[in-house]
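Peer 1: Next come a sequence and a model predicted from it.
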Amino acid sequence: MDTTPESYLDLFPLEAIVYLTPDSENGKYCACFGKGRPRAKVYVLGGLVDESIHKQLTLRRARAQRLRTARLPIREYMVRAPNARNYHSETLAINQVFDVLSTYYETRSWPAALRAGVSSGKGYMLRDTAEQ
């Protein structure tokens, strides 16, 4: 991983950038992150330094910058788990998103990656766990 104070918009062509935001409707596009796929994509983790959730903010930012968006495939591999608070959130902290992507890169398994990064406190569990 490299860090720089420069904007990703100045470093990479727009068509190479995929802005990850939980508000994107595109969960399948994120699957291009991995083995046998073009590695010419740059994934931007859309995040805020804030204690509250601002719905659609990162999606609006990506759209304003004319960027392709994607989200982690939580809806595709997980189901809402029953819990006392009836709380369910697909919004993860940046370190959790990074854990998911790192685990996916190592294992090529979305269930393993989501298990590693989506805590039970988010109100989701893997489909295969729910069916047992």
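Peer 2: Structure's in. What do you need?
Peer 1: going forward, measure contacts between C-alpha atoms and count neighbours the same way
Peer 2: Will do.
Peer 1: hey, which helix or strand in this structure has the poorest pLDDT?
Peer 2: The least trusted helix or strand in the chain, going by mean pLDDT, DSSP states H and E, turns out to be helix 127-131, with a mean of 67.
Peer 1: Now do the buried residues in the longest helix along the chain.
Peer 2: Longest helix in the chain by number of residues, with DSSP state H as the criterion: helix 94-107. For helix 94-107, the neighbour count (16 or more other Cα atoms under 10 Å) marks 96-97, 99-101, 103-104 as buried.
Peer 1: can you redo those residues as CSV with distance to Ala84?
Peer 2: Formatted as CSV, the buried residues of helix 94-107 follow (distance: Cα to Cα, whole Å):
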residue, distance to Ala84
Gln96, 23
Val97, 25
Asp99, 27
Val100, 26
Leu101, 29
Thr103, 30
Tyr104, 30
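Peer 1: circling back: give me the mean pLDDT for the longest helix of the chain.
Peer 2: For helix 94-107, mean pLDDT is 90.
Peer 1: got it, and stretch 13-23?
Peer 2: 90.
Peer 1: Spatially central, which residue of the chain would that be?
Peer 2: Nearest to the mean C-alpha position of the chain, by Cα atoms, centre = their mean, lies Leu72 at 3.5 Å.
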